[in-house]
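Undergrad: The following comprises the amino acid sequence and a computationally predicted model.
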Amino acid sequence: MYVNLSEEDNITRYPALDQMTDNPFHLWEDHSKGSFLPSGIWSDEQFYIISLFMNFTSQIINNCAIIANSLSIAVFVKLGFSEISNISLTTLAVCDFTMAVLYTWGNLCFWLTYLKVRLPFHSANVSYFIGGAQWTFLSTTVAWITAFISFERCLCILVPLKVRRFITPRVTFVAMLIIILLTFCPSFFLYIRYKFVWVFSPYLNRTILNTIPVNNELAILFEKISFAICGVIQPLLAFSIVLICTLLLVVQLRKISSWRMSVTSPKSQQVQPAENPAKGSSTAEARISKKEERLVRMFVAIATIFIVSYIPTCIGILCSVIFDEFNMFNVYKRLFIVSSYILSLGQPISGSVNILIYYKMASKFRLIFRRLVRLDRQTQERHELQ
């Protein structure tokens with residue numbers, strides 16, 4: 001489909017198409033009145049400098065996330081998927097890796113346009129709908145995977161004997177697929193509200209690919225419903241589940257530590273022998289093994305980092321709900337873009353730090369990792385001889 005820019009109706013419906021430039025920040029813009037901030041909150045030069053700095057900083061962090069999650073995926077593949085935790089952590093690493101790649105794609109389009117490379121598409125709009133939107137939905141996928149991990153660990157502590165019967169590797173694998181389908185796949189419904197068109201740009205003197213909104217009541221209604229469910233309810237609900245489950249895990253870990261100290265203390269051994277967990281003990285502290293306790297501590301560390309890194313995202317979601325014009329296509333677009341750069345730094349940081357937690361707290365992961373990067377050649381040689 002081609003858009004004829006000489007038609008006044010198209011210029012009115014799709015603003016700025018007649019002034020198409022190679023500016024990477026050039027998006028649809030609504031200069032409506034009544035804003036709580038002036039449209040010129042930053043000058044063009046200030047906005048360029050801020051965006052360039054944030055773009056460069058975010059790309060460095062995303063490069064770290066790509067490397068870290070690539071190594072994590074390789075280690076988990078070697079460990080196998082017989083354990084439930086390996087399946088969920090591998091899915092988490094794959095999502096973090098994909099998010100870092102999508103972010104890199106958006107930054108690449110930005111820099112190519114900034115360097116005056118004439119791309120056959122509008123870099124800002126197209127890279128948002130092929131990459132940026134998927135990144136946003138994947139962040140919700142990561143939130144729900146973390147929520148599943150936290151909830152599963154809570155069950156392992158509260159009802160350890162029963163949970164092993166119905167949470168199996170197969171059930172975990174199916175759960176990961178369902179989470180991806182319900183959180184990531186809705187990003188493709190975005191194209192009901194927006195569509196790709198070929199637009200002739202007088203500035204570039206060529207036809208380029210761009211996106212335009214579909215202005216019918218059904219598409220607008222569908223966009224509002226999708227935003228409410230996928231953009232607000234799902235991420236906030238997942239964050240709440242992670243927060244609640246993490247608090248429960250921390251409380252239970254403290255109880256477990258207190259119980260172990262009371263059992264192993266000299267006074268308790270002199271007064272009475274330690275209670276045998278296999279003989280009538282009904283407390284979760286007595287039924288959880290030290291191996292499971294270490295695993296729970298690792299998941300608590302992962303969930304804590306996620307909570308800290310996801311708080312800015314929740315703040316951004318609330319701002320989008322409270323202020324209708326706080327988005328990429330209205331009067332606050334510059335504030336939204338800079339805020340998005342800042343808020344999105346938490347996800348790659350979390351994805352980069354997770355590998356350090358695995359290495360520190362998981363002995364099997366640490367062993368395979370050292371073999372993979374050849375940090376322990378003697379261990380590798382002994383393994384090959386066996």
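TA: Good, I have the coordinates.

Undergrad: Low-confidence bits of the stretch 51-200 of the chain, can you list those?
TA: Confidence mapping of the stretch 51-200 of the chain against pLDDT under 70 gives zero matching residues.

Undergrad: residue contacts, residue 345?
TA: 57-58, 61, 312 (C-beta atoms under 8 Å, 6 or more residues apart in numbering). Where you see a C-beta, it was placed from the backbone N, CA and C, and this is true even at glycine.

Undergrad: What distance do you get for it to residue 370?
TA: Counting by C-beta to C-beta, to the nearest Å, the gap from residue 345 to residue 370 is 30 Å.

Undergrad: With residue 133 instead?
TA: 39 Å.

Undergrad: Most neighbours among the contacts of residue 345, which one?
TA: residue 58 (20 neighbours; other C-beta atoms under 10 Å).

Undergrad: from memory that one sits against residue 341, does it?
TA: Yes: Residue 58 is in contact with residue 341 according to C-beta atoms under 8 Å; the separation is 5.9 Å.

Undergrad: and residue 133 and residue 370? which has more neighbours close in?
TA: Taking neighbours as other C-beta under 10 Å, residue 133 and residue 370 compare with residue 133 leading, 19 against 16.

Undergrad: Quick check, that one in contact with residue 187.
TA: Yes: using C-beta under 8 Å, residue 133 is in contact with residue 187, at 5.2 Å.

Undergrad: check which helix or strand covers the closest residue to residue 126 other than its chain neighbours.
TA: Distances taken as C-beta to C-beta, 6 or more residues apart in numbering put residue 209 closest to residue 126, at 5.9 Å, once the chain neighbours are dropped. Element membership of residue 209 [criterion: DSSP states H and E] is strand 206-213.

Undergrad: now that strand, how far from the chain's geometric center?
TA: Here strand 206-213 is found 29 Å from its chain centre; the criterion is C-alpha atoms, centre = their mean, to the nearest Å.

Undergrad: cool, and stretch 152-160?
TA: 25 Å.

Undergrad: List the buried residues of that stretch.
TA: Within stretch 152-160, the residues that count as buried by 16 or more other C-beta atoms under 10 Å are 152-154, 156-157.

Undergrad: Equivalent analysis for stretch 358-370, please.
TA: 358-359, 361-362, 365-370.

Undergrad: So which of the residues you listed are in helices?
TA: Among the buried residues of stretch 358-370, the subset assigned to helices under DSSP state H consists of 358-359, 361, 365-370.

Undergrad: Go through the residues you listed and say which is closest to residue 235.
TA: Nearest to residue 235, judged by C-beta to C-beta, of those is residue 358 at 24.6 Å.

Undergrad: pretty sure the closest one contacts residue 364?
TA: No: using C-beta under 8 Å, residue 358 makes no contact with residue 364, being 9.5 Å away.

Undergrad: what residues does stretch 173-192 touch?
TA: For stretch 173-192, contacts defined as C-beta under 8 Å, 6+ apart pick out 81, 87-88, 91, 129, 133-134, 136-138, 140-141, 143-145, 148, 214, 219, 222-223, 226, 229-230, 234.

Undergrad: tell me the phi and psi of residue 168?
TA: phi -110, psi 170 (degrees, to the nearest 10).

Undergrad: ugh, wrong one, residue 203
TA: phi -70, psi -50.

Undergrad: That one: neighbour count?
TA: Using other C-beta under 10 Å, residue 203 has 12 other residues around it.

Undergrad: do the same with the one 3 residues further on
TA: Around residue 206 sit 12 other residues, with neighbours defined as other C-beta under 10 Å.

Undergrad: State the distance from it to residue 120.
TA: 8 Å.

Undergrad: Return the residues in contact with the residue nearest to the spatial centre of the chain.
TA: Note on the chain: the residue nearest the mean C-alpha position is residue 139, at 2.7 Å, using C-alpha atoms, centre = their mean. Contact analysis of residue 139 by C-beta under 8 Å, 6+ apart lists 99, 235, 310, 313, 347.

Undergrad: where's the first one, which helix or strand?
TA: What it means is residue 99. Following DSSP H and E, one finds residue 99 within helix 84-114.

Undergrad: Now the element after that helix, going C-ward?
TA: helix 123-127.

Undergrad: now for that next one, which elements pack on it?
TA: Contact here means 3 or more C-beta pairs under 8 Å, 6 or more residues apart in numbering; DSSP states H and E; on that basis helix 123-127 packs against helix 84-114, strand 206-213.

Undergrad: quick one, which of these is packed in tightest?
TA: Among the helices and strands packed on helix 123-127, the stretch with the highest mean neighbour count (mean count of other C-beta atoms under 10 Å) is helix 84-114, at a mean of 21.

Undergrad: starting at the chain centroid, how far to that helix?
TA: Distance, centroid of helix 84-114 to centroid of chain: 9 Å (C-alpha atoms, centre = their mean).

Undergrad: Remind me what it packs against, helices and strands.
TA: Looks like helix 84-114 contacts helix 44-79, helix 123-127, helix 133-158, helix 169-183, helix 346-361 (3+ C-beta pairs under 8 Å, 6+ apart).

Undergrad: Report the inter-axis angle for that helix versus helix 133-158.
TA: Taking axes from the mean of the first three to the mean of the last three C-alpha atoms, to 10 degrees, one finds helix 84-114 and helix 133-158 inclined to each other by 160 degrees.

Undergrad: my guess is residue 204 contacts residue 118, does it?
TA: Yes: with contacts counted by C-beta under 8 Å, residue 204 reaches residue 118, the gap being 6.5 Å.

Undergrad: ok, these two, which is more surrounded?
TA: Using other C-beta under 10 Å, the more surrounded residue of residue 204 and residue 118 is residue 204, with 16 against 11.

Undergrad: For residue 212, see how far away the more buried one is.
TA: 17 Å.
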